[in-house]
Every structure is written in structure tokens, then in C-alpha cells.
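**Student:** what's the 3D shape of this:
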Amino acid sequence: MRKVEIFDPAMCCSTGVCGPSVDPNLTRLASAVYSLEQKGVNIRRFNLGNEPEVFAENGAVNEVLQEKRADALPVTLLDDQVVKVGEYPTNEEFSEWLEIKGEELTQKPKVRVSINMDK
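**Tutor:** A predicted model of the protein is given here:
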């Protein structure tokens, strides 16, 4: 099974999908990552603000950062090899790398809300 790792710049939360102005590309990425996780794909995201040690310990990412600094983020690895620098992978790239259909990347998280009306 292929492994995808995305090394994000420092963001306020783990997905970057928060705050008053949400980047639609981050929303798309969060949805794709969620869909891939639900399919059992080995995919992880790391946030520089919360997990700097992971960036320092990864030789490939560390090399990119030494050369291009934090402006190089995000960095995406596929099976420990750098495949994308400075931009997030597109759904088409995920499809190609993981040999899945593009429509399989748009699954929305299902949230159940429980309301107790016994008051």
C-alpha cells in the first residue's frame, strides 16, 4: 500500500479549515484526506506549528526546507519521495498516485448530533 505524507505550514488547527476566511483548497484537501482515510489509505498530515520535530526528523522534508525555507511548504511525500513542493496535491494527482477514481475523494464526514429534550 502506498503512503502519502503532507507537511503543512504552521496553521491554527490540524486541517487549516478554520477561522473567518477558509481557503477552499484546504477544504477540498481536508475532504480528500478524510475520504482516503475512510478507504484505508495510509495518509497523514503534519502541521509545522504543532509537530516541528517530524519536519526536522524527515530527511527529505528537511532538505527541501534547508534549500527553500518555509515558503516551500506544503511538501508532499509519496512513499517517502518528494512529489510536490509549494502546493497541495490536486484530486487528480491523488487519483493517479493511488489508482482510485476522482469521485472517491469527495466523501463528506458524517456527524451525528444528539439532542436531549428531557428538561
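**Student:** and the next element down the chain from the lowest-mean-pLDDT helix or strand in the chain?
**Tutor:** Of all helical and strand segments in the chain, the minimum by mean pLDDT, DSSP states H and E falls on helix 24-38, at a mean of 89. Once the chain leaves helix 24-38, the next helix or strand it forms, by DSSP states H and E, is strand 42-47.
**Student:** Show me the strands in the chain, by range?
**Tutor:** Secondary structure of the chain (DSSP state E): strands at 3-8, 42-47, 75-78, 81-85.
**Student:** Can you work out which other helices and strands pack against the first one?
**Tutor:** I take that to be strand 3-8. Counting contacts by 3 or more C-beta pairs under 8 Å, 6 or more residues apart in numbering; DSSP states H and E, strand 3-8 packs against helix 24-38, strand 42-47, strand 75-78, helix 91-98. (C-beta placed from N, C-alpha, C; glycine too.)
**Student:** Recalculate using a threshold of 7 Å.
**Tutor:** Strand 3-8 sits against strand 42-47, strand 75-78, with contacts defined as 3 or more C-beta pairs under 7 Å, 6 or more residues apart in numbering; DSSP states H and E.
**Student:** Out of these, which gets nearest to Gly102?
**Tutor:** Gly102 sits nearest to strand 42-47 of all the helices and strands packed on strand 3-8, at 15.8 Å, using C-beta to C-beta.
**Student:** quick one: average confidence on the closest one?
**Tutor:** When pLDDT is averaged over strand 42-47, the result is 95.
**Student:** Provide the strand pairings for that strand, with the direction of each partner.
**Tutor:** Strand pairing for strand 42-47, using DSSP bridges, gives strand 3-8 (parallel).
**Student:** Dump the partner strand to CSV, restricted to CA.
**Tutor:** The C-alpha atoms that make up strand 3-8 are tabulated as CSV, following Å, rounded to 0.1, in the frame of the first residue of the first chain:
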residue,chain,number,x,y,z
LYS,A,3,2.0,6.0,1.8
VAL,A,4,1.2,9.8,1.5
GLU,A,5,2.5,12.4,3.9
ILE,A,6,1.6,16.0,3.7
PHE,A,7,3.8,18.5,5.6
ASP,A,8,1.7,21.7,6.1
